[in-house]
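Participant: give me the fold of what follows.
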Amino acid sequence: MQNIKNNNQDNLLEKIVSLCKRRGFIFPGSEIYGGLANSWDYGPLGVELKNNIQQLWWKHFVQSRDDMVGIDAAIIMNPKVWEASGHVSGFTDPLVECKKCHQRYRADQIGDQCPNCGNKEFTKAKQFNLMFPVRLGASEDSSTQSYLRGEIAQAMFVNFKNILDSTRVKLPFGIASQGKAFRNEITPGNFIFRTREFDLMEFEYFIKESDWEDVFEMWKKEMHRWIEMLGINKNNVHEFEKKDLAHYSKRTVDLEYDFPFGQEELYGLAYRTDFDLKNHMEKSGQDLNYTDPDTGEKFLPHVVEPTFGLNRTLLAVLCDAYHEDGDRVVLKLHPKLAPYKAAVFPLLANKPQLIEKARSVYKLLTTNHSLLPIAWDDRGNIGKRYYSQDEIGTPMCFTVDFQTLEDDTVTVRDRDSAKQERVKAGELQEIISRSIKQV
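Facilitator: Next up, the predicted model:
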């Protein structure tokens, strides 16, 4: 992992942060009360982009496969789950404190001096547990301490028997999940890259122990394929073989991305062996063995786990999509991911006949739910409207002008090239449909 910075890349992150707030992708959390450090809210365009990534992931890895099933589990679980998984005792990061300003940092993420005051003297590193404790119950005396989940994997392990009993899954198969996780990070930062509340997309793929190396390589290739589907330049992604492994892992490879602040983890691929099922079987007393339907053999499956950070995915997509063409800012998002699939304009906002015709085109497009959402914009001059849609990543704009009233053609403008062509209004649905099916 590298932590090399340069001014141009730092400036890129500043531009993206500014664009995200200005255009409604991401806002600082609780801003009217002064904010909350490293807390972010996803605005109207951000939630569309985030949902598009999430839904594409689910369709690709779950719905399009016959060896994958999904669950949506509770965020707060029985605290015994986290004891069995090793998170209560082992989910830690090394913490040091500056002896001068008393700021605290992860020992493995700072150099030889305090980023805040420049002091070079720190306390001895101690392990800091990242789990967020919560109290369950009406009073402190009778309440039970549990935790906000630090990962979403454990629900897939504790539901393993339920999945076997309620479905017809057969090894090898996966259990997939998406959702919030929480970690009391010592030094969160770099916009949405490292936060205390974040979204994960992952699955546990259950296999025979003897197959783990082949399955590991298979999923590594699939993760690279997914990255290319998002439109991320594969040259910006690097494999990193981890030496310092988590307590449950026998092998972990991180896929790291060239973020503006350095090469950092985007995704992780871990071979968790049978660590989790074995511990949950021992602690719960429940039989979590799998019975091979062909041989009758009973055994604990091993697990390969691909983990995809949704927030980091969104940040990488934005970084890769951001382009400047003179004074024009363009987000070259894949049409499948773009918050708006297209925009409809009347050439002039003070001509009722153009407004009426443009509204009819807009209504025609919005009746097809697979093409939504479509933007409507009649503010300002046409050039500013084009630039505005470029900046938020809208793949194409349809302008209704006076020629439209004569021959029912509209001007179609491409976001990336800014080239324009005349197309029959009746063909617009097919044009949008083709663009979003290119994934």
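Participant: so where's this structure shaky on pLDDT?
Facilitator: 1-10, 139-142, 438-439 (pLDDT under 70).
Participant: center of it, which residue is that?
Facilitator: The centroid of the chain falls nearest to residue 310 when counting by CA atoms, centre = their mean (1.2 Å).
Participant: where do the helices of the stretch 301-439 of the chain begin and end?
Facilitator: Counting by DSSP state H, counting those that start in this stretch, the stretch 301-439 of the chain has these helices, from start to end: 310-321, 352-366, 382-392, 402-407, 428-436.
Participant: and among the ones you listed, the most buried is which?
Facilitator: helix 310-321 (a mean of 22; mean count of other CB atoms under 10 Å). All C-beta atoms are positioned from the backbone trio N, CA, C, and that covers glycine.
Participant: what separates it from the chain centre, distance-wise?
Facilitator: If you compare the mean C-alpha spot of helix 310-321 with that of the full chain, they lie 8 Å apart, counting by CA atoms, centre = their mean, to the nearest Å.
Participant: helices or strands up against it?
Facilitator: If contacts are counted by 3 or more CB pairs under 8 Å, 6 or more residues apart in numbering; DSSP states H and E, helix 310-321 sits against helix 7-22, helix 44-58, strand 197-207, strand 251-259, strand 262-273.
Participant: CSV please, covering the helices of the stretch 301-439 of the chain and showing distance to residue 246.
Facilitator: Listed next are the helices of the stretch 301-439 of the chain as CSV, based on distance: least, CB to CB, whole Å:
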stretch, distance to residue 246
helix 310-321, 18
helix 352-366, 47
helix 382-392, 38
helix 402-407, 60
helix 428-436, 38
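Participant: looking at those, which is closest to residue 92?
Facilitator: When these are compared by CB to CB, helix 310-321 sits nearest residue 92, at 21.6 Å.
Participant: can you list the residues that contact that closest one?
Facilitator: Applying CB atoms under 8 Å, 6 or more residues apart in numbering, the contact partners of helix 310-321 are 12-13, 16, 20, 25, 46, 49-50, 53-54, 57, 178, 191-193, 195, 198-201, 230-233, 236, 257, 259-260, 265-267, 331-333, 337, 393.
Participant: return a PyMOL selection command for the buried portion of those residues.
Facilitator: With 16 or more other CB atoms under 10 Å as the criterion, this PyMOL line picks the buried residues out of those:
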select buried, resi 12+13+16+20+25+46+49+50+53+54+57+178+191+192+193+195+198+199+200+201+230+231+232+236+257+259+260+265+266+267+331+333+337+393
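Participant: got the phi/psi numbers for the residue lying closest to residue 334 once chain neighbours are set aside?
Facilitator: Closest residue in space to residue 334, ignoring its immediate chain neighbours: residue 231 at 4.1 Å, by CB to CB, 6 or more residues apart in numbering. In this entry, residue 231 is assigned phi and psi values of phi 90, psi 10 (degrees, to the nearest 10).
Participant: what sits against residue 231?
Facilitator: With contact taken as CB under 8 Å, 6+ apart, residue 231 is in contact with 317, 320, 321, 332, 333, 334, 337.
Participant: kindly report the same for residue 163.
Facilitator: With contact taken as CB under 8 Å, 6+ apart, residue 163 is in contact with 69, 71, 169, 175.
Participant: so the third one touches residue 66, yeah?
Facilitator: Right, residue 169. No - in this structure, residue 169 sits apart from residue 66 without contact. The criterion is CB atoms under 8 Å, and the distance is 9.7 Å.
Participant: of those two, give the one with the bigger neighbour count.
Facilitator: In this view residue 169 and residue 66 are compared by other CB atoms under 10 Å, and residue 169 has more residues nearby, 18 against 7.
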